[in-house]
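>>> need a 3D model of the sequence below.
(one chain, ligands or ions: 1)
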Amino acid sequence: MEIRAKTAERSRRTPTDVKGVPGRGRPSALAWSVTLQPASQGANQPVRIARFSIDGNVAFGAVEGDKPDELVLDIIKGIPFAEHQLSGTKVPLSKVRLLPPVLPNKVVAFGRNYAEHAKELGNEVPDAPFAFFKPSTSVIGSGDEIQYPPFSQELHHEAELAVVIGRMCREVPRERVADVIFGFTCANDVTARDVQKREKQWARAKGFDTSCPLGPWVETDLDLATAGDLTVQLTVNGQQRQLGRTSEMIHSIEDLIVNITEAMTLLPGDVILTGTPAGVGPLAVGDEVAVTIEGIGTLTNKVVKRG
Ligand code: ZN
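Numbering: from 1, shown residues only. Down below sits the predicted model:
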């Protein structure tokens, strides 16, 4: 009950300090009924939320268990961004196909947000955050294949912490950033580096199909301080290539969300990529690439030739 009261109070404050979509007046009831899942909601509230398919049906489920081989999904009735409850029907994770945990309207990615990474590519560290888009068609889930695009000879991996937005918002003040976050997941900002170098805009280099693996699920129980100090690791065929901490970000998660929402409305399910630590490098057909973020999980994808 206390949570409901808090949510109602947030909603009353919302129109003045977290603005809505221009031209549509007040944000819609649906967008503002978003339920966040803080730990205070109790042990029976989902913390890690996966999206999956089983026997041709798509569902969301709360991931339960600690041992990787014994994880089960408690199927969610409703959608996680609105009113929902656990059904009590459980399926082993090993029996389902994981899908991207969200279907974003847009993925906003920030470049050069770790000094060591900017340096390794010979770039200056930017004074202000700078963003680019990855289209919704670039998103794949854990276990899906990254298709090597035929127009590139230099595909690179970039391990990144991804922020999943939980409510419609614009011009978010710094102190309200936590309120608009649904949770966190792992991302790989797969980049055709040769194309990025020769083309001024990065739409093709960073926006081709399968260039945005997300997953394995959304961890909804991390606060901003914790998310701002996590180990980010990437391996290729089991060999470590990238290792960094989110505390090394030049611009914090708060900075990035303030920056992008100055310009545009974010919708529930939108994803913010926060930049990659040093150690980016090539991917080849046949490679298995894995991004592991402390407290979240491991996102694994195999690289194949586009068929
Ligand atoms: Zn990146």
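
>>> please make it C-alpha for all contacts and neighbour counts, starting now.
Fine.

>>> in the stretch 201-307 of the chain, what residue comes closest to the ion?
Nearest residue of the stretch 201-307 of the chain to the ion (CA to the ion) works out as Gly275 at 4.6 Å.

>>> which bits of the stretch 51-200 of the chain sit near the ion?
Asp189 (CA under 5 Å from the ion).

>>> so where do the helices sit in the stretch 51-200 of the chain?
Here the stretch 51-200 of the chain has its helices, by DSSP state H, counting those that start in this stretch, at 115-120, 193-198.

>>> reformat those as TSV; add mean pLDDT and mean neighbour count.
Shown next, in TSV, are the helices of the stretch 51-200 of the chain (pLDDT from 0 to 100; neighbours: other CA atoms under 10 Å):
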stretch	mean pLDDT	mean neighbour count
helix 115-120	90	17
helix 193-198	97	16
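
>>> and the ones you listed as CSV, adding distance to Val108?
Formatted as CSV, those follow (distance: least, CA to CA, whole Å):
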stretch, distance to Val108
helix 115-120, 18
helix 193-198, 17
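
>>> residue of the stretch 51-200 of the chain closest to the ion, please.
Asp189 (4.9 Å).

>>> state the number of residues packed around that residue.
28 (other CA atoms under 10 Å).

>>> Thr210 is in contact with that one, correct?
No. Look at Asp189 against Thr210 with CA atoms under 8 Å: they stay out of range, at 9.8 Å.

>>> overlap in contacts of those two?
Here Asp189 and Thr210 have no joint contacts, going by CA atoms under 8 Å, 6 or more residues apart in numbering.

>>> where are the low-confidence patches of this protein?
Counting by pLDDT under 70, the chain contains low-confidence ranges at 1-46.

>>> outline the domain layout of it.
The record's domain split for the chain, according to automatic domain parsing, is 2-99, 107-305.

>>> tell me the most buried of those?
Comparing these by mean neighbour count (mean count of other CA atoms under 10 Å), domain 107-305 ranks first with a mean of 21.

>>> distance from the chain centre to that one, please.
7 Å (CA atoms, centre = their mean, to the nearest Å).
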